[in-house]
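Asker: the sequence and its predicted three-dimensional model are supplied below.
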Amino acid sequence: MARIGLPSYLDFANWCQQGIRVAPKFTLPDGVKVAVIPKHPDLNLTDIVGRGGVQWFRANNVADSAKLRWMESKEMFPGFNPGGERPGRQKTPQQWVDVANSMPLFAAEIDEFLEGEANIDTQDSQYTSFKQARKAKYQAGGVSDPEIYLCYGALILYGARGWKVDGVYQGPLGTYYRNLYSSQSAARNTMPGYFNVHEGTSLPNVKYYPEGPATAPEFYEKLHEMEVMMKGLNIANPRCAYVSSQLIESLPDTIPDNRPGWDTHILIYQGRQVGTAGKVTAQAHPDWDWDQQLAMYLIIGLMTGKRVIAWDDTSQYGTDPVTIYQSQPGDFHITYWSSPNGTPPPYGNPGYPPLRLTWYEAIYAACHIYKQFERTAGQNWQYLKFRVGDGPWIEPQADGSDVLFAAANSRGIAKGRFYQGAYDFVYYNPSKPKDRTGYETITVEFSNGQQYTRTCQGRVVNPFAE
Amino acid sequence: MATDYIEIAETKNGTTVSRYYPVDSVVDCATGDSLFNSDSQKASKLLNSRPAAPAGFQWVLKDCSAGIPQPPGSTEGFGTSYVQPSASTQFMDLALRWVLVDGAWWGEVYERQTSRQPDAGNRRMWWLDGQTTPVYDSFSPKLYAPGTRLSVYYGEGPTNSLFGQGFTSKAQQSIYIGNPNT
């Protein structure tokens, strides 16, 4: 059984998008779908479709058949009221329906109608009318099961942040969390606002934007959320989007337990040497660990929810590394130029990315890995029995709640599937560091007794196929 | 002129870690003399001048002037995206050196000796690869396999006149420990 490597084109010294330009074209197994945002204006928006298995793109000029339409309330009703307000909230449900009917059909669509000054809530009649009108329009157009997603990170969606219920810490093995795996109705009770109103119209999503330093153990929470949402879905083709980006809201402080408010959004410096001319530094949200992103896109997004949607703005960047990006008013990051010899800033039009776009390659790498699982396509991913070294065997839970036990015991998870002599499995332990002390010798056992023993690195996804 | 090296190997619990140093960097701690003014003075003098090995360790010294195992030549990514908040000082600078452990090369990330001490009342902080608890005050070397990607965040605070901003500053360094022979 061989370890699945990363795409050969991947170059971490290159801050531009790579897979979208050079990855081979293929279709992902199991009907898995992925959406990204093209970030370079010279990309051929026809040629990018299917590269790396990615089929959907958030871009104005991409064909509707490949478009992820990301909707904002302010663009549904542009302009301002006489009082200077965005008009969306004041519009009637019928006016929202009219807007819904004015738009064509897309490959997929998602909204952020809860955000901004024109926000409407997912329970508002404007919102539900809009979504129902969109569903009807797809069905009239022959698309019986459209890819319409609820507002990303909507408050009615289930969340397990901090393993707290109503603000009280329960721990991952708390009765509340364990019961969610006991039945579909238990899973559905986590978010009646979704299942009673939106199921059958909009698909759910798990949004992940790390808010603090504990990004690694939050893997358990997000996988759990995805499992609960998928278990609760009572539709023919259940799927749930994992929506995430590369940014961390804030970092740990230099003094423990001293976290002034400005730690959020004051952020961090990331720099790049531009030849001998000088250095450009961006003050921005830090990007979180690439390997954790890859693990979460693969295990939570592709293997469990079957959908990944990249969350980012639509800023465009050049590819010439001897140019720099000039901050624009309203940018979420600011760039600074320093030169030892007084060289003026070499702004490009547009300039090289001020922050790495390499996080997109975590999505393409996840797709690359998932493609290698093609021979077992159609089989369900199951938690595997496994052991660490000569330790005791860890039996899978009958109800599929393994992630709760993994979280409680700070250990890894092993998921696999097999079909006609082909075996695939993934091991990931977010609780072990990447350094030499974090390696584990893992033996997995499939339900037919087939065993494999492999060395696995901590906090890095370890995928294998035979 | 070819550089001469010594190998200093530490063995504990059956694992041998070898580090290679250019000979001109080794100085007799007692006298301040260079230990390698001449070939005849080499290993024996160094052995005699070293402190006793820590409990559980055994010092093994070899004269490697005839050549040493060649470490991976590439550390691509390391340094190219290094962020230094102040151009005037080596501020909490992390560096990479290659270490042979049981015959395999590992990249050892360590804090440079030139890393500055924090201002009074301040602490230094590093946060690596998503761990829950940051590393404070000093950075212990860590071994990583070639091909490992690291995101290291570091800062000093809560007040830091170095930046003239009066509050904690943080920076991010991405490290890619290159694969051998690439």
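Answerer: Ah, there it is.
Asker: leaving out chain neighbours, which residue sits closest to A:Val143?
Answerer: Excluding its sequence neighbours, the residue lying closest to A:Val143 (C-beta to C-beta, 6 or more residues apart in numbering or on different chains) is A:Leu105, at 6.3 Å. For glycine as for every other residue, the C-beta is placed from the backbone atoms N, C-alpha and C.
Asker: which SS state does the one you found fall under?
Answerer: coil (DSSP: H, G, I helix; E, B strand; the rest coil).
Asker: burial of it, as a residue count?
Answerer: Using other C-beta atoms under 10 Å in any protein chain shown, A:Leu105 has 17 neighbouring residues.
Asker: ok, A:Pro41 next?
Answerer: A:Pro41: 12 neighbours (other C-beta under 10 Å).
Asker: and it, what does it touch?
Answerer: Going by C-beta atoms under 8 Å, 6 or more residues apart in numbering or on different chains, A:Pro41 touches A:316, A:318, A:350.
Asker: repeat that for 10 Å
Answerer: By C-beta atoms under 10 Å, 6 or more residues apart in numbering or on different chains, the residues touching A:Pro41 are A:61, A:316-319, A:349-350.
Asker: out of the helices and strands in chain B, which is least certain?
Answerer: helix B:42-49 (a mean of 51; mean pLDDT, DSSP states H and E).
Asker: how does chain B divide into domains?
Answerer: Per the record, chain B has its domains at B:5-63, B:94-176, by automatic domain parsing.
Asker: where does the chain have low pLDDT?
Answerer: Reading this off chain A. Within chain A, the ranges that satisfy pLDDT under 70 run A:117-118, A:255-267.
Asker: actually it's chain B I care about, not the one you picked
Answerer: B:1-9, B:12-13, B:19-93, B:112-116, B:159-170, B:178-182.
Asker: from chain B, how far off is A:Gly271?
Answerer: Distance of A:Gly271 to chain B, given as C-beta to the nearest C-beta, to the nearest Å: 4 Å.
Asker: do A:Pro29 as well
Answerer: Taking C-beta to the nearest C-beta, one finds A:Pro29 at 26 Å from chain B.
Asker: just A:Asn234 next, same as before
Answerer: On the measure of C-beta to the nearest C-beta, A:Asn234 and chain B end up 35 Å apart.
Asker: also A:Lys164?
Answerer: 17 Å.
Asker: what bridges to that residue?
Answerer: Here A:Lys164 sits in beta bridges with A:Tyr169, as judged by DSSP bridges.
Asker: that one - how many residues pack around it?
Answerer: Neighbours around A:Lys164, by other C-beta under 10 Å: 14.
Asker: show me what contacts it?
Answerer: Going by C-beta under 10 Å, 6+ apart, the list of residues near A:Lys164 reads A:170-171, A:174, A:176.
Asker: just these now: which is nearest A:His368?
Answerer: Lowest distance from A:His368 to those (C-beta to C-beta) belongs to A:Gly171, with 36.0 Å.
Asker: how about the closest one, what does it touch?
Answerer: So A:Gly171 contacts A:162-164, A:177, A:404, A:407-408 (C-beta under 10 Å, 6+ apart).
Asker: could those residues go into a markdown table alongside secondary structure?
Answerer: As requested, the contacts of A:Gly171 are exported to a markdown table (three-state DSSP):
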| residue | secondary structure |
| --- | --- |
| A:Gly162 | helix |
| A:Trp163 | helix |
| A:Lys164 | strand |
| A:Tyr177 | helix |
| A:Leu404 | helix |
| A:Ala407 | helix |
| A:Ala408 | helix |
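Asker: can you redo the residues you listed as CSV with distance to B:Gly103?
Answerer: Below are the contacts of A:Gly171 laid out as CSV (distance: C-beta to C-beta, whole Å):
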residue, distance to B:Gly103
A:Gly162, 44
A:Trp163, 43
A:Lys164, 48
A:Tyr177, 46
A:Leu404, 41
A:Ala407, 37
A:Ala408, 38
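Asker: just the buried ones among those, please.
Answerer: A:163, A:177, A:404, A:407 (16 or more other C-beta atoms under 10 Å in any protein chain shown).
Asker: where exactly do the strands run in the stretch 51-200 of chain A?
Answerer: Applying DSSP state E, counting those that start in this stretch to the stretch 51-200 of chain A gives strands spanning A:56-57, A:68-71, A:108-111, A:164-165, A:168-169.
Asker: which parts of the stretch 301-450 of chain A sit against chain B?
Answerer: Within the stretch 301-450 of chain A, the residues that sit near chain B (C-beta under 10 Å from any C-beta of the partner chain) are A:338, A:340, A:355-356, A:358, A:410, A:430-431, A:433-439.
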